[in-house]
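Student: model the structure of this input:
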Amino acid sequence: MNIIAFLGSPRKDGNTELLMKEAIKGVEDSRFKVQVFNLCRMKISPCRNCGGCDETGVCITEDEMAQIYDVIRTADRIILASPIFFFGLSAQTKIMIDRCQAFWCEKYLLKKPIPEGQYGRKGLLLLVGGREKDAGVQCSEATAKAFFRTISVPEHKTLSFTGVDAKGAILEHPTALKEAFASGKELVMLKNR
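Tutor: Now for the predicted structure:
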């Protein structure tokens, strides 16, 4: 099973990264490996809405997003982890998602969705926000849902924690790490199809 994870937090060893690492431990506990992409360390330009992918489904901008296109195509499970900034996903996460416009063109204009694959395709969304209210979770999840559906991931689970702001505060949350670990294990469980 091919599993990838996108870390969209600019804060090294911050709450989002700690939560994602715990989910990955859950995956690895089931004897699978996870390929992690730290979006903040990658050179990815924003989408220019140039229309270059409209007829081919291939983005014409040449940068490190090319690595991501390749792994998204072959992934069976995708973890997306982002802090909530101003009621939305981080800029680093959003840049990567916006560049998936090429997949949108391929799926909806060219009628060539990414194949389901041997294990099906599932996702896990991890969100951490400092504010107590759920508006940031709802807005972030709406964007993530559009991303997952565009890349032919028909179902995903969302695990979100609000009121977690100071660096490392997720470690003091009574259930967050356990829930992340369990969600990682659940992500790679195969159901009879």
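
Student: what residue of the protein is the furthest out?
Tutor: Glu55 (26.1 Å; C-alpha atoms, centre = their mean).

Student: confirm that that residue sits in a helix.
Tutor: No. Per DSSP: H, G, I helix; E, B strand; the rest coil, Glu55 lies outside any helix segment and is coil.

Student: remind me which residues of this structure are low pLDDT?
Tutor: For the chain, the stretches flagged by pLDDT under 70 are 191-193.

Student: report the central residue of it.
Tutor: Leu80 (1.8 Å).

Student: was I right to think that residue contacts Ser140?
Tutor: No. The criterion here is C-beta atoms under 8 Å, and Leu80 misses it with Ser140 at 9.7 Å. For glycine as for every other residue, the C-beta is placed from the backbone atoms N, C-alpha and C.

Student: wasn't Ser45 part of a helix?
Tutor: No. Assessed with three-state DSSP, Ser45 is coil; it does not lie in a helix.

Student: just give the number of residues close to it.
Tutor: Ser45: 14 surrounding residues under other C-beta atoms under 10 Å.

Student: I'd like the distance between it and Ile60.
Tutor: According to C-beta to C-beta, to the nearest Å, Ser45 stands 11 Å off from Ile60.

Student: can you report phi and psi for the residue nearest to the centre of the chain?
Tutor: Main-chain dihedrals, Leu80, degrees, to the nearest 10: phi -120, psi 120.

Student: what pairs with it across the strands?
Tutor: Phe6, Leu125 (DSSP bridges).

Student: quick check: it vs Val71, distance?
Tutor: To Val71, Leu80 is 13 Å away according to C-beta to C-beta.

Student: could you do Ser45 as well?
Tutor: Ser45 is 18 Å from Val71, by C-beta to C-beta.

Student: now do Lys43
Tutor: Counting by C-beta to C-beta, the gap from Lys43 to Val71 is 16 Å.

Student: looking at those two, which one has more neighbours?
Tutor: Just comparing Lys43 and Val71: by other C-beta under 10 Å the higher neighbour count belongs to Val71, 15 against 7.
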